[in-house]
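Enquirer: sequence and computational prediction follow.
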Amino acid sequence: MKKLCLFFILILLFSTCNITAQNKAKILVLIHSDNGGTYELAKEIAKGIESENNAVSSIKLVKASQNPNLKKLPVATVEELTNYDGIAFGSPVYFGNISTGMSEFLSKTVQLWTNHALEGVPATVFMSAGSGAGKELALQAFWNSLAVHGMVLVSNGIRGTEELNKAIPQGNTVLGITSMASLKDVDRPTKGERHLAELQGKNFAKIALALKDTRPKKNSPIVENHQNFSEILKQKNIILPQVPKPAGNYQPFVRSGNLIFINQVALKDGKIFNAGKLGVDVTDQQVKDATKVTMLNVISVLNEAVGGDLSRVKQCVQLTGIFNTKDDYTKHADLMNIASDLTVEVFGEKGKHARATFGASSIPVNSSVEIQAVFEVE
Ligand SMILES: Cc1cc2nc3c(=O)[nH]c(=O)nc-3n(C[C@H](O)[C@H](O)[C@H](O)COP(=O)(O)O)c2cc1C
């Protein structure tokens, strides 16, 4: 009997903890940082957020970093932004503006914008500067992008300045905290800047908590895009072939940073499918079929490159189609559309790419087509 009571008490405790966790405001601290200055501020912002009992924070990067201090941090996806009750954005100051990395990430949020998916979500900004020149311009530029999303912009106002050491330059601004990394007299961020960042985080968490659950839940198609890809492929009747083995001293794919490079020919079941020159050995339709086989090989290799999780593909960046044609052939684009359409069918918006096509007098192993592909992945 005693054991049974204990069991029920444990279940009660567990479900209470679960409900409490669900009621907490989830805040993302989303940063780009090259040298770690922004990350230092992010940690203080996160500390301030967590000092509010009912708020939890996670620090994520907008893109993977090779900096030893940053490379273990998770990389955020555009799609997950809608999951948070507030986002604190941090970036280095580049030429009085937000950094290129942050700007690239924000430029991928077009679909969230068209779906009004971030409307009403509180946002606050902080930045790491060098000398501090243009820091307020940069903070304001940050606000411009977030205002277009209809986010609730939370300024830092004038807080915590009583304790600030006025004998040294400090990065306090009313829009958000900054730090001036190239001023070497004292550690940067300074004690005062760290303190202000913490206060900014705390104040932001209060606002996020107050606004939590006030937004209508939106069914963003982007979230649907993030579904299980094996399900998408099944629905579309697309079967990925076995990854073709390399025929020489090279790799099926190479990853450099967040980019994956792949080259494939029309190999199917160990043989070249519809081999030969267009107009001599094979017809337009046969080359189109070979193009589909080749693109499926590309996607299969990509699938291997992302460990079988195609939802980690952020963008098909570029496809290049090379076709075995006669000198006077001009309809390469029609052939390549097969590969482009397949890519968009599988990846939706993320499948839209830049493209090049051209004819060649011959292609290795007498394939009628070769495709070179570049994908950006998480
Ligand atoms: C391309 C470029 C432009 C920059 N422009 C400015 C600037 O306008 N004002 C400034 O104070 N610092 C500027 N900096 C310095 C960075 O803002 C500074 O090094 C910052 O601390 C980097 O942040 P991080 O450590 O998170 O990478 C610039 C740096 C680079 C690389």
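Expert: Arrived safely.
Enquirer: leaving out sequence neighbours, find the closest residue to the single nearest residue of the stretch 201-350 of the chain relative to the ligand.
Expert: Scanning the stretch 201-350 of the chain for the residue nearest the ligand gives residue 257, at 16.5 Å (criterion: CB to the nearest ligand atom). (Each C-beta comes from the backbone N, C-alpha and C, glycine too.) Once flanking residues are discounted, residue 257 sits nearest to residue 64: 6.9 Å by CB to CB, 6 or more residues apart in numbering.
Enquirer: could you report the neighbour count for the residue of the stretch 201-350 of the chain closest to the ligand?
Expert: Counted with other CB atoms under 10 Å, the neighbours of residue 257 add up to 11.
Enquirer: read off the pLDDT value for it.
Expert: pLDDT for residue 257: 86.
Enquirer: what residues are up against the residue nearest to residue 257?
Expert: 71, 75, 257, 258, 378 (CB atoms under 8 Å, 6 or more residues apart in numbering).
Enquirer: distance check, it against residue 91.
Expert: 16 Å (CB to CB, to the nearest Å).
Enquirer: can you check residue 213 too?
Expert: 29 Å.
Enquirer: ok, the two, which is more surrounded?
Expert: The neighbour count for residue 213 versus residue 91, taken as other CB under 10 Å, is higher for residue 91 (28 against 10).
Enquirer: chain neighbours aside, what residue packs nearest to residue 357?
Expert: Nearest to residue 357 is residue 332, by CB to CB, 6+ apart, at 3.9 Å.
Enquirer: which strands and helices sit next to the helix or strand containing residue 141?
Expert: Assigned by DSSP states H and E, residue 141 belongs to helix 135-148. In terms of contacts (3 or more CB pairs under 8 Å, 6 or more residues apart in numbering; DSSP states H and E), helix 135-148 is packed against strand 86-94, strand 97-98, strand 122-129, strand 152-153, strand 178-180.
Enquirer: correct me if wrong: residue 129 contacts residue 179.
Expert: Yes - using CB atoms under 8 Å, residue 129 is in contact with residue 179, at 6.8 Å.
Enquirer: give me the more crowded residue out of these two.
Expert: residue 179 (30 against 25).
Enquirer: hmm, that one is touching residue 41, no?
Expert: Yes - taking CB under 8 Å as the definition, residue 179 is a contact partner of residue 41 at 5.9 Å.
Enquirer: I'd like the distance between the residue nearest to residue 257 and the ligand.
Expert: Per CB to the nearest ligand atom, to the nearest Å, residue 64 is found 14 Å from the ligand.
Enquirer: residue contacts, the residue nearest to residue 357?
Expert: 321, 323, 325, 357, 358, 359.
Enquirer: tally of neighbours for the fourth one?
Expert: Spelled out, it's residue 357. The burial count for residue 357: 20, using other CB under 10 Å.
Enquirer: same check, this time on the first one
Expert: Residue 321 sits with 25 neighbouring residues when counted by other CB under 10 Å.
Enquirer: per-residue confidence for it?
Expert: The model's pLDDT for residue 321 equals 97.
Enquirer: got it, and the one 3 residues further on?
Expert: In this prediction, residue 324 carries a pLDDT score of 97.
Enquirer: isn't it right next to residue 276, touching?
Expert: Yes - with contact defined as CB under 8 Å, residue 324 reaches residue 276; the gap is 7.0 Å.
Enquirer: number of residues surrounding the residue in the stretch 151-300 of the chain positioned nearest to the ligand?
Expert: When scored by CB to the nearest ligand atom, the stretch 151-300 of the chain has residue 181 as its residue closest to the ligand, at 3.5 Å. For residue 181, the tally of surrounding residues (other CB under 10 Å) stands at 21.
Enquirer: likewise the one 5 residues further on?
Expert: Burial of residue 186 is recorded as 15 neighbouring residues (other CB under 10 Å).
Enquirer: got a list of what residue 33 touches?
Expert: Contacts of residue 33 (CB under 8 Å, 6+ apart): 39, 42, 61, 65, 67, 70, 90, 91, 92, 128.
Enquirer: doesn't it lie inside a helix?
Expert: No - counting by DSSP: H, G, I helix; E, B strand; the rest coil, residue 33 falls outside a helix, being coil.
Enquirer: pLDDT score assigned to it?
Expert: 97.
Enquirer: measure it to residue 187 for me?
Expert: 17 Å.
Enquirer: any low-confidence regions in the chain?
Expert: Within the chain, the stretches with pLDDT under 70 are 1-22, 217-227.
Enquirer: of all residues in it, which one is nearest the centre?
Expert: residue 77 (3.6 Å; CA atoms, centre = their mean).
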